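Engineer: Build me a model:
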Amino acid sequence: MIRLDSLTKVFDTPKGAVTAADHISMDVPSGEICILLGPSGCGKTTTLKMINRIIRPTSGKVFINGEDTTSLDTQELRRSIGYVIQQIGLFPNMTIEENITVVPKLLGWDKAKYKERAREMMRMIALEPDAFLKRYPSELSGGQQQRIGVARALAADPPVMLMDEPFGAIDPINRAVIQDEFLKMQQDLKKTIMFVSHDIDEAIKMGDRIAIFREGKLVQYSEPDELLAAPRNDFVESFLGEDRALKRLNLVKVRDLASNEIGLVRPDDTLATALERIESYGYLNSIVMVNDKRQPVGIINSAVARTTKGHCRDHFQSVPVVVSLDDDLRKVASLMFSNDMTWVPCVDDDGRIVGQITQRAITHHLGSRYRAHSRSGIGATGTEASPSPASKE
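Structural biologist: Residues are numbered from 1 along each chain as shown. As a prediction, the model looks like this:
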């Protein structure tokens, strides 16, 4: 959907020419979010602004949906691209409805259509239309204003969106909420998005692909898991941080690693039966007791089963924690550490046991990816593979 072909920007300054973006070439497939990441002054915002010609390229081309935008009228180009900035940029003298409908009006939509579109966008960003459309930006919180900024960018249903640190000025709690809401919207909207960020965790959470910039050059362009597992050079490795292996936990869901092999007992089973099933796995020190609906109702500890006689119903502890199949591994690891557990039972939407996830499985998953890159020679001094259109994991 977006293709940059050797895009370059050179600024003339009193001290001479400065290359802000140096022959940037990259493809962003339709429906994906590409995060531009790097230190201040690395060229990521300049690259973004060349796409809608807020900054005119010195050389190179921008293609949108296969069309060379060089010959397009600047205003026409900008109206076809949604644009969201950190400062939000709402018009203070316009109501929320007027802000959202600016571009549809310019495109000649009839009144009934753009008014309904405003209401539709408000519902999409989880703000009640009747409560907010007639207000002015100054009457909204920063987080609410940022949502309106996103709604305005989406109002004319553009195929492409540019976002320049859109959530950077919002406090961490509201930022996480808005990020989650935006990702839910993206699942339905499938927009193609270029997104500038300074936040590595945000990039990993939001991006289908991440582009790392340094001093005007594109250093690495990869899917998040590939980037974290195989940084191309020392700069990328340093920029990602020493905890990049832990950052990869955000990218993997429980369903990707959960084993459906899990020993269970019923309340009427004996402790001897519980101990036999625990020992059959070799690495577990407890077992889950379930009811007739296969829902966890307790834990039988191996020490209790080994030293006590009787039935499970009389000697169980409460279940410390369970996880769902859609939880990410970062949450699982946190729960394991905080509850001193090496495995956690997994449940479906109805709370029924469907398997387990172990610390061993998590460790093996992270390590196997690094070992694979080591064997193939990809790493700090290796050659970067071209990113595939596959999902993050």
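Engineer: Every contact and neighbour count from this point should use C-alpha atoms.
Structural biologist: Fine.
Engineer: quick one: pLDDT of the residue lying farthest from the centre of the chain?
Structural biologist: What lies farthest from the middle of the chain is residue 309; by CA atoms, centre = their mean that is 49.9 Å. On the pLDDT scale, residue 309 is placed at 91.
Engineer: And the closest residue to it other than its chain neighbours, what's its pLDDT?
Structural biologist: Nearest non-adjacent residue to residue 309, counting by CA to CA, 6 or more residues apart in numbering: residue 271, 6.2 Å away. In this model, residue 271 is scored at 93, pLDDT.
Engineer: got the contact list for residue 271?
Structural biologist: Residue 271 is in contact with 305, 306, 308, 309, 310, 311, 312, counting by CA atoms under 8 Å, 6 or more residues apart in numbering.
Engineer: top of those residues by neighbour count?
Structural biologist: residue 312 (25 neighbours; other CA atoms under 10 Å).
Engineer: correct me, but that residue touches residue 300?
Structural biologist: Yes - assessed by CA atoms under 8 Å, residue 312 is found in contact with residue 300 at 6.9 Å.
Engineer: Now for those two: what residues contact both?
Structural biologist: Shared contacts of residue 312 and residue 300, counting by CA under 8 Å, 6+ apart, come down to 274, 289.
Engineer: and the nearest residue to residue 128 once chain neighbours are set aside, what element?
Structural biologist: Leaving aside its chain neighbours, residue 128 sits nearest to residue 122 (6.3 Å; criterion: CA to CA, 6+ apart). Assigned by DSSP states H and E, residue 122 belongs to helix 111-124.
Engineer: So for that helix, what gets flagged as buried?
Structural biologist: 114, 115, 117, 118, 119, 121, 122, 124 (16 or more other CA atoms under 10 Å).
Engineer: How about stretch 13-22?
Structural biologist: Of all the residues in stretch 13-22, those buried under the rule 16+ other CA under 10 Å are 19, 20, 21, 22.
Engineer: Then stretch 234-246?
Structural biologist: Here stretch 234-246 shows 236, 237, 240, 244, 245 as buried, counting by 16+ other CA under 10 Å.
Engineer: Return the subset of the residues you listed lying in helices.
Structural biologist: Among the buried residues of stretch 234-246, the ones falling in helices (DSSP state H) are 236, 237, 240, 244, 245.
Engineer: what's near enough to touch the residue farthest from the centre of the chain?
Structural biologist: Per CA under 8 Å, 6+ apart, neighbours of residue 309: 270, 271, 272.
Engineer: Give me the average confidence score over stretch 188-197.
Structural biologist: 90.
Engineer: contacting residues around it?
Structural biologist: Contacts of stretch 188-197 (CA under 8 Å, 6+ apart): 1-2, 28-38, 44-45, 48, 158-165, 168, 203.
Engineer: Mind checking which of these are buried?
Structural biologist: Using 16+ other CA under 10 Å as the threshold, 1-2, 28-38, 44-45, 48, 158-165, 168, 203 are the buried ones among these.
Engineer: How is the protein divided into domains?
Structural biologist: 2-251, 255-363 (automatic domain parsing).
Engineer: what distance separates the start and the end of the shortest one?
Structural biologist: Think domain 255-363. Start and end residues of domain 255-363 are separated by 16 Å (CA to CA, to the nearest Å).
Engineer: give me the number of residues near residue 325?
Structural biologist: Residues near residue 325, counting by other CA under 10 Å: 19.
Engineer: Correction: the previous question concerned residue 249.
Structural biologist: For residue 249, using other CA under 10 Å, the count is 19.
Engineer: Tell me the secondary structure at it.
Structural biologist: helix (DSSP: H, G, I helix; E, B strand; the rest coil).
Engineer: Wait, it touches residue 330, no?
Structural biologist: Yes - look at residue 249 against residue 330 with CA under 8 Å: they come within range, at 4.8 Å.
Engineer: who's in contact with residue 33?
Structural biologist: 191, 192, 193, 194, 195, 206, 207, 208, 209 are the contacts of residue 33 under CA under 8 Å, 6+ apart.
Engineer: Which ones among those lie within strands?
Structural biologist: Using DSSP state E, the members of the contacts of residue 33 that fall within strands are 192, 193, 194, 195, 209.
Engineer: want to throw those residues into TSV with neighbour count and distance to residue 68?
Structural biologist: As requested, the ones in strands among the contacts of residue 33 are exported to TSV (neighbours: other CA atoms under 10 Å; distance: CA to CA, whole Å):
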residue	neighbour count	distance to residue 68
192	21	17
193	27	18
194	25	18
195	27	21
209	27	23
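Engineer: farthest pair in those?
Structural biologist: Distance extremes for the ones in strands among the contacts of residue 33: the farthest pair is 192 and 209 at 11.5 Å, using CA to CA.
Engineer: Need the residues touching each of those two.
Structural biologist: 32, 33.
Engineer: which sections of the stretch 251-393 of the chain are below the confidence cut-off?
Structural biologist: Scanning the stretch 251-393 of the chain for pLDDT under 70 picks out the ranges 283, 369-393.
Engineer: In contact with residue 154, which residues?
Structural biologist: 82, 121, 161 are the contacts of residue 154 under CA under 8 Å, 6+ apart.
Engineer: Other residues contacting the host helix or strand of the last one?
Structural biologist: It stands for residue 161. Using DSSP H and E, the element containing residue 161 is strand 160-164. Residues outside strand 160-164 that contact it (CA under 8 Å, 6+ apart) are 1, 45, 48, 80-86, 153-154, 191-197.
Engineer: sorry, back to before: what would the contacts of residue 154 look like in JSON lines with pLDDT and distance to residue 131?
Structural biologist: What follows is the contacts of residue 154, written out as JSON lines (pLDDT from 0 to 100; distance: CA to CA, whole Å):
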{"residue": "82", "pLDDT": "86", "distance to residue 131": "25"}
{"residue": "121", "pLDDT": "87", "distance to residue 131": "14"}
{"residue": "161", "pLDDT": "89", "distance to residue 131": "27"}
